[in-house]
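>>> sharing a sequence plus its predicted fold:
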Amino acid sequence: MVRLRFDEDRPTDRGDRAGCPRLTGRLVGVTDQPSAPATGRVLVVEDEMTLAGMVAAYLSRAGFDTAVVHTGIEAVAAVRENEPDVVILDLGLPGLDGIEVCRQIRTFSDCYIVITTARKEEIDTLIGLSVGADDYLTKPFSVRELVARVQTVLRRPRTGSRAHAQKDATVWSFGDLRVDPVGHEIHLCDEPVALTPTERDLLITLAARPAMAFTRAQLIEEVWGAGWVGDEHLVDVHIAHLRRKLSDDPDTARYVTTVRGVGYRMGKG
Ligand code: CA
């Protein structure tokens, strides 16, 4: 594990590949002192050394406590040890690949995971595999966009409607489903349901206002944050995973119901 701080020379965007500037600054020594107050811990998992260094340098400059590893095995160990808030996870890694890393991380951590991949067509496959990532970025990506996404993710109301939840610190019941918005625990027929942070935030958001039909844009604003820019389709993907984990059939949904022409609403159970 290497902790990085970027020196005073700004990295220059040579742009030899669009959106993928080459790092021409100089990475200096190993430090535990980020250049600005840390606003969250980020782990970068990337086997391309130059890209890894550049991404880490930008994140450090933005004030994040940033660490870098280059293999999947190191990644799992680093998440265990350092409990990062966000993991930027390259899909194509030597040895343990990104999918397996994501699965292993999900057995013990609910950190936010952003998968990066060079092949756009892989994203649909990944979504179908339900590996538990929260977001995806196609390479080459703009490092500034990546930093913006990390900032957005860390601004998320992690409990969904936290203010509402704390006023009314009870467990909400919808038939066999119990949603604890303070303890973040979800139980179905008295069994705990393992949800990713995004799935849990979606469910808590819906459950907090069970009479309201949310549009996809409203759910994005509540769960991903107002600054998030991306495809609204991602909401449907996470809803599909959520329904599967709740054994909810989309056609006869008990918990997450479709409101035609609008979006989604909490069901009565
Ligand atoms: Ca790679």
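Nice, I can see it. Residues are numbered from 1 along each chain as shown.
>>> for the ion, give me its nearest residue in the stretch 101-250 of the chain.
Scanning the stretch 101-250 of the chain for the residue nearest the ion gives A118, at 7.5 Å (criterion: C-beta to the ion). Where C-beta positions appear, they are placed from N, C-alpha and C, glycine not excepted.
>>> doesn't K139 make contact with that residue?
Yes. Counting by C-beta atoms under 8 Å, a contact exists between A118 and K139, whose distance comes to 4.4 Å.
>>> which residues touch L96?
L96 is in contact with T71, G72, I73, A75, V76, Q104, counting by C-beta atoms under 8 Å, 6 or more residues apart in numbering.
>>> ok, V69 next?
Contact analysis of V69 by C-beta under 8 Å, 6+ apart lists M1, L43, V44, V45, A75, A78.
>>> partners of it in the sheet?
Beta-bridge partners for V69, by DSSP bridges, are V45.
>>> any stretches of the stretch 151-269 of the chain with poor pLDDT?
By pLDDT under 70, the weakly predicted segments of the stretch 151-269 of the chain are 156-169, 229.
>>> now the helices for it?
If DSSP state H, counting those that start in this stretch is used as the criterion, the helices of the stretch 151-269 of the chain fall at 162-167, 197-208, 216-219, 233-245.
>>> would TSV of these with distance to V179 and mean neighbour count be doable?
Compiled in TSV, these are given as follows (distance: least, C-beta to C-beta, whole Å; neighbours: other C-beta atoms under 10 Å):
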stretch	distance to V179	mean neighbour count
helix 162-167	10	13
helix 197-208	5	24
helix 216-219	16	16
helix 233-245	12	18
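>>> Serialize these to TSV and add fields for distance to A253.
Conversion of the helices of the stretch 151-269 of the chain to TSV gives the following (distance: least, C-beta to C-beta, whole Å):
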stretch	distance to A253
helix 162-167	23
helix 197-208	11
helix 216-219	15
helix 233-245	7
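>>> nearest to V143, of the ones you listed?
For V143, the closest of those is helix 233-245, at 21.2 Å, according to C-beta to C-beta.
>>> which parts of the stretch 1-150 of the chain sit against the ion?
Residues of the stretch 1-150 of the chain lying close to the ion (C-beta under 5 Å from the ion) are D47, D90, G92.
>>> could I have the PyMOL command that selects the buried members from those residues?
This is how PyMOL selects the buried members of these, with burial counted by 16 or more other C-beta atoms under 10 Å:
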select buried, resi 90
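>>> and stretch 245-264, what's buried?
Of the residues in stretch 245-264, K245, L246, D248, A253, R254, Y255, V256, T257, T258, G263, Y264 count as buried by neighbour count, 16+ other C-beta under 10 Å.
>>> what lies in contact with it?
The set of residues external to stretch 245-264 that reach it, using C-beta under 8 Å, 6+ apart, is 174-175, 177, 188, 193-195, 199, 203, 206, 213-216, 218-219, 235, 239-240, 242-243, 265-269.
>>> which SSE is I73 in?
Applying DSSP states H and E as the criterion places I73 in helix 72-82.
>>> picking up where we left off before, flag whichever of the residues of the stretch 1-150 of the chain next to the ion scores worst on pLDDT.
Model confidence across those bottoms out at G92, which has 92.
>>> so that residue, which of the three states?
Classification of G92 by DSSP: H, G, I helix; E, B strand; the rest coil places it in coil.
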